[in-house]
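J.: Here is the input, now give the coordinates:
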Amino acid sequence: MLESEHNKIQIETKKPKRKWWKIALFSVLGIVGLFILTIIGVFLYIENNKDEVLAKVTAQLNENLDGELKIGDLKPEFFSNFPRVSLRLTNVSLHDKKFSEHKHELLRAGKIDVTVNLFSLLKGTINIRKIAIGDANIDIYVAPDGYTNTSVFKKKEKSKSDGSGADLQFQEFALDNVKFIVSNQMRKKLHHYEIATFEGKVDPKGDGWNAQITYEILAKSMSFNTDRGSFIGNKKLVGNFDITANGLGVYKLSEQPIKIGEENFTLFANFDFSDGKSQYGIHVRNKSIRWKGASVLLADNIKEKLDMFDFAKPIEVSCDLEGDFDADEDPLIYVQAKVRHNELQTPGGTIFDCNFDGVFANNYDKKKPKTDANSVILLRNMTGNYGEVPFSMPVISIINLDAPYAKGKFVSNFDIPKLNSVIDKDLIAFNKGRADIAVDFVSDVVNYKLAKPRIMGKVEIKNADLVYTQRNLKFQDVSINLDFDSRDLFIRNIHIKSAKSDVIMDGKVLNFLNLYYNSPEKIVLNWNVYSKELHVGEFLGMVSGRAKAVKKTKKKGNFTSEIDELLEKSQMRMAMKIDKLYYKKFVGTNATAIAEISETNIGLKNLGMRHSGGMMRINGNLARSSNGSRYDFKAVVADVNVREFFRSFDNFGMQSLKAENISGKLSLDVELKGFLNKDYSMNQKSMDGKANFAMADGQLLNFEPIQSIGKLAFRRRNVNEIAFRDLKGNIRIKGEKIEIEPMKINSSVLNLDVAGIYSLGAGTDLRMDVPLRNPKKDENITDAEELEERRHRGIVLHLQAADDPKTGKVKISLKSKGKESEN
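T.: Coordinates of the predicted model:
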């Protein structure tokens, strides 16, 4: 009984449970059905009331407009944003009242999807939650007079926010295939972006909001001044934005990764439109970027300068742009670069192991406009190796990019042979020594090269050995102090040693640096030269042609061409004092002179010295060439020992009359021109000139031609030692031939009248009249006319000294006066 009652109760409790599930199922089906009926109802409502809905949407959108908004059609979309309803507006256009004048349509959209709240729609109100714009052009235009097509939007009176964020008209947005242009002709600004995607969600936060955005944008132009070009022109931007607004017009973009072109950066920014402002700050960072990859993101006016340089390895760089959208001037551009152990390519060459912290800014003077003229490039703590030459520069500045000039400090300490890395050895070979450089400089920069520099500082060279290869000049233990005084160069304490010579010099070059870069041929080095002992033969390379042409190198960082041009084209003016001067057998003492040396000429003024017991003074010019040098000089010789004089000049090339054949005091006045051979000897065939001479207390000793005459006519007279009275004469020099004008020779042994040609080679033809009367018979007569009359009494021999065709030697023969006169 009890068991049957229990079973009955269980059966009765299970029946209501099955009814509950049925009720729940029917309820769900009823709700779904109701929802479907609702959707159908909404669809039918919109279809049947399209004009009314479109009017409501248009009315809400037109609420703050002062222009014309057109919507081509409206279509509902139920399931794309379920449970919300999207209204698709197609063929939407918006323009201001002056559109017919400027032709810039503010908006032209193929489609705009407006997502609304379904239940609000059923209540007869429009609550827009999302806007998506696709296939559109947005063109914001500012005319030269300041008028803008954004005037289509009516100015709205400000109201205090309740802090709920309810002022937001929508919370989601999307742009798809949208061209966005801001053309400000008044401020010369142009921003042009082609937006592939730009979508995000806005979350209210207090009085403001926060938006998370993803985007892919092609930046066609980001120009803050159309005269100067665009930043990041034609570069794709891909990344995310995290934007926060405070509700008062201030927007901040937190730091996020961004890909610009092929380079990865981080970007953060801020925009301030509060209280009528329109300020912005855009900050981009990259810790490893190629130099060219960075410069291509900048405006053309900056890129053009930076592209003259390049780095072998990536560098760390940042760029800050700060400005005002309503300002006429460029934004503040502040670029920083950190370079470590890199290789820098410059217009002047390569700097190895390069290190510096660099800054570019366009507000060098904070009180002046931000322009190229007010721009600066700063390099701090720069170190590196130019070739193999190490250097450091605490600070270098390049200021005013319109008319740039550079200033800084240059310091270097190195072994002289390292200069061989920047100057070719076929010009100058550096073998040893030490150089210390510390200079401050200011210089104009023209075509990225220094021009009109001003340098203050010192260069000290110690114990240097070098060879000026082009002139075959070797110098040892060279010491030089160079003092730069703004534009001028003072050269002090130069000590140069060669194998035999020892020279001390000091000098100056006025306007040196300006001329070095612009007109090296106008450089004049003014030297004071002193030497205890100078062997001219060691410096004949200054006279001769060059050993060989220096190869013109296009290698950057090689100064061979510049130094070669300086050495060859510059001019020198040397005031010289030499205690002892040597050249082959010639020895002069107490020499003083002014030498003027140019690329093609050596001028010698007032060379005076003691020589062979007398004095010499020479003025002349030497024109240099590769085939020899042409000389032209005037010399005055007074009271020199004629024997020593002949010996010093190697008997002037004569074979018969030599130093041992003559003695006395010679005075000479000569003008002579001709060529030097490649071995610096006189080319006798080129000589052309004249001379007059006088010799006092002269003797002719063992002169073979006179001895030959003595054997014929003066056997009882001592012709081995002939003493002269005052001997004077005039000669003309034409090649190897010396033309002796009629000359009377009065001596202790014989009297002689001479005229004709004496040749240093072939062609001697001298005519001599030799009275046989013994001069000793007339030695007590002082009357000149009586002496002349007695001189020709008696027999007179008529002789001819001419070349013997068989032997080539000079042969003296008798000639009758009559016959000779016929010949």
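J.: Dig out what Ser412 forms beta bridges with.
T.: Note on Ser412: beta-bridge partners by DSSP bridges are Ile437.
J.: Check the separation of the first and last residues in stretch 561-581.
T.: End-to-end distance for stretch 561-581: 34 Å, by C-alpha to C-alpha, to the nearest Å.
J.: what does that stretch rub up against?
T.: Stretch 561-581 is contacted by residues 423, 427-428, 468, 470, 516, 520-534, 536, 546, 550, 552-553, 587-599, 609 when judged by C-beta atoms under 8 Å, 6 or more residues apart in numbering. No exception for glycine: its C-beta is placed from N, CA and C like everyone else's.
J.: In helices, which of those residues appear?
T.: Tyr516 (DSSP state H).
J.: Show the buried residues in the contacts of stretch 561-581.
T.: With burial judged by 16 or more other C-beta atoms under 10 Å, the buried subset of the contacts of stretch 561-581 is 423, 427-428, 468, 470, 516, 520, 523-525, 527, 529, 531, 534, 536, 546, 550, 588, 591, 593, 595, 597-598, 609.
J.: which ones among these are found in strands?
T.: Those of the buried ones among the contacts of stretch 561-581 mapping onto strands are 428, 468, 524-525, 527, 529, 531, 534, 588, 591, 593, 595, 597, 609, per DSSP state E.
J.: Tell me the one of these nearest Asp485?
T.: Leu525 (15.2 Å; C-beta to C-beta).
J.: Can you name the residues that contact the closest one?
T.: Residues in contact with Leu525, defined by C-beta under 8 Å, 6+ apart, are 491, 507-509, 570-573.
J.: would you list the residues you listed in CSV and tack on secondary structure, neighbour count and distance to Asn481?
T.: Formatted as CSV, these follow (DSSP: H, G, I helix; E, B strand; the rest coil; neighbours: other C-beta atoms under 10 Å; distance: C-beta to C-beta, whole Å):
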residue, secondary structure, neighbour count, distance to Asn481
Ile491, strand, 20, 7
Gly507, strand, 19, 11
Lys508, strand, 17, 12
Val509, strand, 22, 14
Ser570, coil, 21, 19
Gln571, strand, 18, 22
Met572, strand, 18, 18
Arg573, strand, 16, 20
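J.: Give me the lowest-pLDDT entry from those.
T.: Lowest in pLDDT among the contacts of Leu525 is Ser570, which has 80.
J.: can you count the residues close to Ser747?
T.: Applying other C-beta atoms under 10 Å, we find 19 residues neighbouring Ser747.
J.: same question but for Glu786, I mixed them up
T.: 11.
J.: Wasn't it part of a strand?
T.: No: Glu786 is assigned helix when assessed by DSSP: H, G, I helix; E, B strand; the rest coil, not a strand.
J.: and the gap between it and Gly756?
T.: 28 Å (C-beta to C-beta, to the nearest Å).
J.: list the contacts for Gly588?
T.: Counting by C-beta under 8 Å, 6+ apart, Gly588 has contacts 578, 580-581, 609-611, 616.
J.: same check, this time on Asp66
T.: 96-97, 151-154.
J.: Helix or strand: which one has the spatially closest residue to Glu68 that is not a sequence neighbour?
T.: Nearest residue to Glu68, sequence neighbours excluded (C-beta to C-beta, 6 or more residues apart in numbering): His95, at 6.0 Å. Element membership for His95, per DSSP states H and E: strand 85-96.
J.: So which elements touch that strand?
T.: helix 50-61, strand 67-77, strand 107-116 (3 or more C-beta pairs under 8 Å, 6 or more residues apart in numbering; DSSP states H and E).
J.: what angle do the first one and strand 85-96 make?
T.: When you say that, I think you mean helix 50-61. 60 degrees (axes from the mean of the first three to the mean of the last three C-alpha atoms, to 10 degrees).
J.: quick one: average pLDDT of helix 50-61?
T.: Computed over helix 50-61, the average pLDDT equals 72.
J.: ok, back up a step: which is the next helix or strand following the strand holding His95?
T.: Downstream of strand 85-96, the first helix or strand assigned by DSSP H and E is helix 99-102.
J.: Just the CA atoms of that next one, as CSV, please.
T.: The C-alpha trace of helix 99-102 is given here as CSV (Å, rounded to 0.1, in the frame of the first residue of the first chain):
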residue,chain,number,x,y,z
PHE,A,99,31.4,75.9,-53.9
SER,A,100,30.5,77.4,-57.3
GLU,A,101,33.5,79.8,-56.9
HIS,A,102,36.3,77.5,-55.5
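J.: What lies in contact with that helix?
T.: The contact list for helix 99-102 (C-beta under 8 Å, 6+ apart) reads 67-68, 105, 141, 143, 149.
J.: Which one (most neighbours) among those residues?
T.: Highest neighbour count within the contacts of helix 99-102, by other C-beta under 10 Å: Asn149, with 25 neighbours.
J.: Give the other helices and strands that the helix or strand where Lys665 lies contacts.
T.: Secondary-structure element containing Lys665, defined by DSSP H and E: strand 662-676. If you count contacts as 3+ C-beta pairs under 8 Å, 6+ apart, strand 662-676 packs onto strand 614-623, strand 629-641, helix 642-648, strand 688-701.
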